[in-house]
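S.K.: Coordinates for the following, if possible.
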Amino acid sequence: MRFVRVALMVLGIFVVSPVWAKMVAKPVSWQLDGTTFKSMLVYDDAVTAKRPGLLMVPNWYGVNDIAVKKAEMIAGKDYVILLTDMYGDGVRPKSDDDARTAVAPLYHDRGLMRARMVKAFEQLKGQAKDAPVDLSRLAAIGFCFGGAAVLDLARTGSDVKAVVAFHGDLSTDNPALAAKIKARVLAMNGSADTFTIGQVPDFTKGMEQDSADWQFVEIGHAVHCFTETEATAKTGNCRYDAKVAARSYRLMRDWLTESFAVDSNAAGT
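M.R.: Next up is the predicted model:
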């Protein structure tokens, strides 16, 4: 009898225990202008409730194991993330020189960058067929080069609800495009980022054409790459800062929550 009671107790533990979180990273591919792009859909499939979908563009190293882990950390139980390949199959930078070569065509032709972002956003919407994506709550986030990419998505007049750029390139080939922005835009850069500091005046001036809600946050003493855990240098302009990273992620979550609530309230008026 004692054995039976113990067995039942053990069985009861398994019955009432919650389902453990399980992060999945599923390959997602598409084609545009003869180029095949290979991205990753990242989310917790132990949670069945629909949640916001985020189009995430990583730094100039593109889709790699580090970027996937970052997407998993951000997604948690809160978001479904499409980690987006901007270069095409076979282009996976292994060094700064490789990355510089990979991004060059997109910075040279911002129309090409915008076209790839529009296509990627369409693919995020398409994931709602098989993943728990709430199509009424879609946003885009980007890091460094990825920040430039998501800002360019907003400049197309996309119906993306919100855009968040972390230590992003703020430049544009056409400042007038800011007038087309519908998304709520949050850009966060370091006050000591020597790469982007000169871009700030033109960026904010351009955004003043935008009737949508936007905010630029300059984080004191931070340099470039402040969310990039692999940027382990002690000096220079590309350094991870755990405190600043945590603060920026809180600002992102607050911005997204507010953006989705604003849109929901507007729909109900």
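
S.K.: can we go C-alpha only for contacts and neighbour counts from here?
M.R.: Will do.

S.K.: What's the separation between the residue lying closest to Val91 once chain neighbours are set aside and Tyr87?
M.R.: Sequence neighbours aside, Ala102 is the residue nearest to Val91 in space, at 7.2 Å (criterion: Cα to Cα, 6 or more residues apart in numbering). Distance of Ala102 to Tyr87, given as Cα to Cα, to the nearest Å: 7 Å.

S.K.: list the helices and strands the lengthiest helix in the chain packs on?
M.R.: When the chain is parsed with DSSP state H, its longest helix is helix 242-268. Contacts defined by 3 or more Cα pairs under 8 Å, 6 or more residues apart in numbering; DSSP states H and E place helix 242-268 against strand 162-166, strand 184-190.

S.K.: continuing past the last one, what's the next helix or strand?
M.R.: In other words, strand 184-190. From strand 184-190 onward toward the C-terminus, using DSSP states H and E, the following helix or strand is helix 200-207.

S.K.: List the buried residues for that next one?
M.R.: 200, 203, 206-207 (16 or more other Cα atoms under 10 Å).

S.K.: hmm, who's touching that helix?
M.R.: Applying Cα atoms under 8 Å, 6 or more residues apart in numbering, the contact partners of helix 200-207 are 170-171, 175-176, 178-179, 214, 216.

S.K.: Quick check on those residues: which are buried?
M.R.: Buried residues within these, counting neighbours by 16+ other Cα under 10 Å: 170-171, 178-179, 214.

S.K.: So which of the residues you listed is the closest to Ala140?
M.R.: Ala140 lies nearest to Trp214 out of the buried ones among the contacts of helix 200-207, by Cα to Cα, at 14.1 Å.

S.K.: out of everything not next to it in sequence, what's closest to the closest one?
M.R.: Closest residue in space to Trp214, ignoring its immediate chain neighbours: Val185 at 4.5 Å, by Cα to Cα, 6+ apart.

S.K.: about what we covered before: who has more neighbours, Ala102 and Tyr87?
M.R.: More crowded of Ala102 and Tyr87, by other Cα atoms under 10 Å: Tyr87, with 23 against 20.

S.K.: quick one: the more buried one and Ser248, what's the gap?
M.R.: Taking Cα to Cα, one finds Tyr87 at 26 Å from Ser248.

S.K.: where exactly do the strands run in the stretch 51-200 of the chain?
M.R.: Ranges of strands within the stretch 51-200 of the chain are 51-57, 80-83, 133-143, 162-166, 184-190, based on DSSP state E, counting those that start in this stretch.

S.K.: For Ser39, find the nearest of those.
M.R.: Per Cα to Cα, nearest to Ser39 of these: strand 80-83, 5.7 Å.

S.K.: Neighbouring strands - and their directions - for the closest one?
M.R.: Applying DSSP bridges, strand 80-83 is found paired with strand 35-44 (antiparallel), strand 51-57 (parallel).

S.K.: what sits up against it?
M.R.: Here strand 80-83 makes contact (Cα under 8 Å, 6+ apart) with 39-44, 51-58, 63, 67-68, 71, 75, 124, 131-133.

S.K.: Now a PyMOL select for only the buried ones of those residues.
M.R.: To isolate the buried subset of these in PyMOL, counting by 16+ other Cα under 10 Å, use the following:
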select buried, resi 39+40+41+42+43+44+51+52+53+54+55+56+57+58+63+67+68+71+75+124+131+132+133
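
S.K.: Okay then, goodbye and thanks.
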